[in-house]
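*Asks:* quick one, structure for this:
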Amino acid sequence: MIGFLKQPAYKPAQTGPEADSRYKRMRLQVFLGAFIGYAGFYLVRKNLSMAIPAMASLGFVKSELGFVLGLNAAAYALSKFLMGSVSDRSNARVFLPLGLILSALAMCFMIVPIQFIGAEHKALAILVMGVLNFLVGWFNGMGWPPCGRVMTHWFSVSERGTMMSIWNCAHNVGGALVGPMATYGAMWFGSWFYGANSQLYFLIGTFAFPAAVALLVAVLAFVLLRDTPQSCGLPSVEAWRNDYPKNYSEKHEQTLTAREIFFKYVLNNRFLWFIALANAFVYMVRYGCLDWAPSILTERGIDLKSAGWAYFAYEFAAIPGTLLCGWLSDKLFHGKRALPTMIFMALVLVFVLLYWAFIDNLTVVIISLIGIGFFIYGPVMLIGVQALDLAPKNAAGTAAGLTGFFGYFLGTFILANSVIGWVAQNWGWSWTFLLLIAACLLAILFMGLTYKEENK
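*Replies:* Numbers count the residues shown, from 1 in each chain. Next up, the predicted model:
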């Protein structure tokens, strides 16, 4: 492992009342670092989808940009899986801020192919845009694994579902801010850079302003985060809370080799493969609705500012929905994840149908997006929690990376971005809604296949 990424050595464990007080304080600090840091990644993640409507007047079309969007998802899928293994052997305090800084820099440079190369040299512009968006996705893949590492080391299994549901809201906070930041960043700073050329103001609001904020967030995350309790001179969280899972072993506290992580704990886990397939269709619905909402709405005469607020509503509605789903899975379903996921996806299906039926009514569309956002992120969170629970703590990032790979590569890159972009361009939006309906049903089907095994 590279020197500055190497995990800090364990220190002798402090005990007694003073250690208890310090443990509680450090857990809150580390949780805030993981929450704020992960929210920062979503400031510089899917910004291109907000820029697509404004780029039409510059000569770019949806099918081309849909492919560029998809490269982001493909890179994220590969990175979350492969960098997850690196993260499992790295210092989370350094790994997360490094990924956020690199993501912000790559996002800021997206201005170059749009403004300075332009549609006059479209092939080159799309190529550079694709490379940069691929890098944005790759560096974003360095966000979830260190957070998963932190959460598994600082919170024991019996409290992890609740704490993960709260932490999972971080990407909704970050994602919800992208729409307003794009709108107000352009208003506040666009004229500083482009004078009277208001056609280019969106570049500042969509790319540069969020990138600058993300750099500040990276510094804050570094200040707050710590790798493991043992690296801070505290006992493991299982020992501190006397809360050991049935499969707990002292080996779970040791750094595993890449071979052990992949071949012993992840790739031969049948249950992980089941939930990975379900995750692909959950993500198709998640990003099929989110990424294309601004384009659908602006094509129907709804101004970009209203589309930005619809984007905001979709993300922010996920916060209470995620918390509710996490609470239900722990309290009502006693730690089982398949059934609440199936119920929530059935409710997502209802709101997708409502969205399609009233596509020209802004009020109903926003209500539908709120409903989809409220219910879709619970399944996203529960699948991640299942992945963490099914592997040792020092293989958690890789286990979650497998399900994430299916979600982002198959569900987002191939289906939500590339296929939906092509279908929308050639056959119209009605066909895209049929695809989203099919995805809801397939997600329910694959989660249903895990239900019996989970009950065992």
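*Asks:* which helix or strand in the protein has the lowest average pLDDT?
*Replies:* In the chain, no helix or strand scores lower on mean pLDDT, DSSP states H and E than helix 258-259, which sits at a mean of 62.
*Asks:* which SSE is immediately downstream of that helix?
*Replies:* Scanning forward in sequence from helix 258-259 by DSSP states H and E, the next helix or strand is helix 270-299.
*Asks:* which strands and helices sit next to the helix or strand just after that following helix?
*Replies:* Downstream of helix 270-299, the next assigned helix or strand under DSSP H and E is helix 304-331. Applying 3 or more Cβ pairs under 8 Å, 6 or more residues apart in numbering; DSSP states H and E, we find helix 304-331 packed against helix 47-55, helix 157-167, helix 170-194, helix 270-299, helix 338-357, helix 362-389. C-beta coordinates here come from the backbone N, C-alpha and C atoms, glycine included.
*Asks:* buried stuff in stretch 151-167?
*Replies:* Of all the residues in stretch 151-167, those buried under the rule 16 or more other Cβ atoms under 10 Å are 151-157, 160-165, 167.
*Asks:* for it, the distance to its chain's centre please.
*Replies:* Here the centre of stretch 151-167 is set off from its chain's centre by 17 Å, with Cα atoms, centre = their mean, to the nearest Å.
*Asks:* dump it to PDB, keeping only the CA atoms.
*Replies:* C-alpha atoms of stretch 151-167 as PDB (Å, rounded to 0.1, in the frame of the first residue of the first chain):
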ATOM      1  CA  MET A 151     -19.500   2.500   9.600                       C
ATOM      2  CA  THR A 152     -18.600  -1.200  10.200                       C
ATOM      3  CA  HIS A 153     -15.700  -0.400  12.500                       C
ATOM      4  CA  TRP A 154     -17.400   2.300  14.600                       C
ATOM      5  CA  PHE A 155     -21.000   0.800  14.800                       C
ATOM      6  CA  SER A 156     -21.900  -2.700  15.700                       C
ATOM      7  CA  VAL A 157     -24.300  -4.900  13.700                       C
ATOM      8  CA  SER A 158     -27.300  -4.500  15.900                       C
ATOM      9  CA  GLU A 159     -27.300  -0.700  15.400                       C
ATOM     10  CA  ARG A 160     -25.900  -0.600  11.900                       C
ATOM     11  CA  GLY A 161     -29.200  -0.600  10.100                       C
ATOM     12  CA  THR A 162     -30.400   2.500  11.900                       C
ATOM     13  CA  MET A 163     -27.100   4.300  11.600                       C
ATOM     14  CA  MET A 164     -26.700   3.400   8.000                       C
ATOM     15  CA  SER A 165     -30.100   4.700   7.100                       C
ATOM     16  CA  ILE A 166     -29.200   8.000   8.700                       C
ATOM     17  CA  TRP A 167     -25.800   8.100   7.000                       C
END
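*Asks:* what does it contact?
*Replies:* With contact meaning Cβ atoms under 8 Å, 6 or more residues apart in numbering, stretch 151-167 is reached by 26-27, 30-31, 34-35, 38, 147, 227-229, 236-238, 241, 243, 245, 322-323, 325-327, 329-330, 335, 381, 384-385, 388-389, 393, 396.
*Asks:* again with stretch 125-141
*Replies:* Contacts of stretch 125-141 (Cβ under 8 Å, 6+ apart): 41, 44-45, 48, 60, 64, 67-69, 71-84, 99-100, 102-103, 106-107, 109-110, 112-114, 117-119, 408.
*Asks:* cool, and stretch 172-190?
*Replies:* So stretch 172-190 is contacted by 38-43, 45-47, 50-51, 198, 200-202, 204-206, 208-210, 213, 290, 304-305, 307-312, 314-316, 318-319, 322, 373, 377 (Cβ under 8 Å, 6+ apart).
*Asks:* run the last query once more with 7 Å
*Replies:* 39-43, 47, 50, 198, 201-202, 204-206, 209-210, 305, 308-309, 311-312, 315-316, 318-319, 377 (Cβ atoms under 7 Å, 6 or more residues apart in numbering).
*Asks:* in ChimeraX, how would I select the buried members of the contacts of stretch 151-167?
*Replies:* In ChimeraX syntax, the buried subset of the contacts of stretch 151-167 is picked out as below (16+ other Cβ under 10 Å):
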select :26,27,30,31,34,35,38,147,227,228,229,236,237,238,322,323,325,326,329,330,381,384,385,388,389,393,396
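*Asks:* narrow the contacts of stretch 172-190 to those that are buried.
*Replies:* Listed as buried from the contacts of stretch 172-190 are 39-43, 47, 50, 201-202, 204-206, 209-210, 308-309, 311-312, 315-316, 318-319, 377; burial here means 16+ other Cβ under 10 Å.
*Asks:* show me where pLDDT drops low in the stretch 201-350 of the chain?
*Replies:* 245-266, 301-308, 311 (pLDDT under 70).
*Asks:* 80 instead?
*Replies:* 243-271, 290-316, 330-331, 334-337 (pLDDT under 80).
*Asks:* I'd assumed M142 was in contact with G99.
*Replies:* Yes. Between G99 and M142 there is a contact under Cβ atoms under 7 Å: 2.6 Å.
*Asks:* so for the helix or strand where M107 lies, what gets flagged as buried?
*Replies:* Under the criterion of DSSP H and E, M107 resides in helix 92-108. Across helix 92-108, burial judged by 16+ other Cβ under 10 Å covers 92-108.
*Asks:* packing partners for it?
*Replies:* Judged by 3 or more Cβ pairs under 7 Å, 6 or more residues apart in numbering; DSSP states H and E, the packing partners of helix 92-108 are helix 17-43, helix 122-140, helix 144-154, helix 209-224.
*Asks:* got a list of contacts for stretch 17-31?
*Replies:* Here stretch 17-31 makes contact (Cβ under 7 Å, 6+ apart) with 150, 154, 167, 224-226, 232, 234, 240.
*Asks:* how much space is there between I111 and A318?
*Replies:* 29 Å (Cβ to Cβ, to the nearest Å).
*Asks:* for L71, same thing?
*Replies:* 25 Å.
*Asks:* repeat for A123
*Replies:* According to Cβ to Cβ, A123 and A318 sit 38 Å apart.
*Asks:* next one: T403
*Replies:* From T403 to A318 the distance is 18 Å (Cβ to Cβ).
*Asks:* one more: S57?
*Replies:* Taken as Cβ to Cβ, the span from S57 to A318 is 31 Å.
*Asks:* most widely separated two among the buried residues of stretch 151-167?
*Replies:* Greatest spacing in the buried residues of stretch 151-167, by Cβ to Cβ: H153 and S165 (18.1 Å).
*Asks:* what's K6 sitting at in phi/psi?
*Replies:* Here is the backbone geometry of K6 (degrees, to the nearest 10): phi -60, psi 140.
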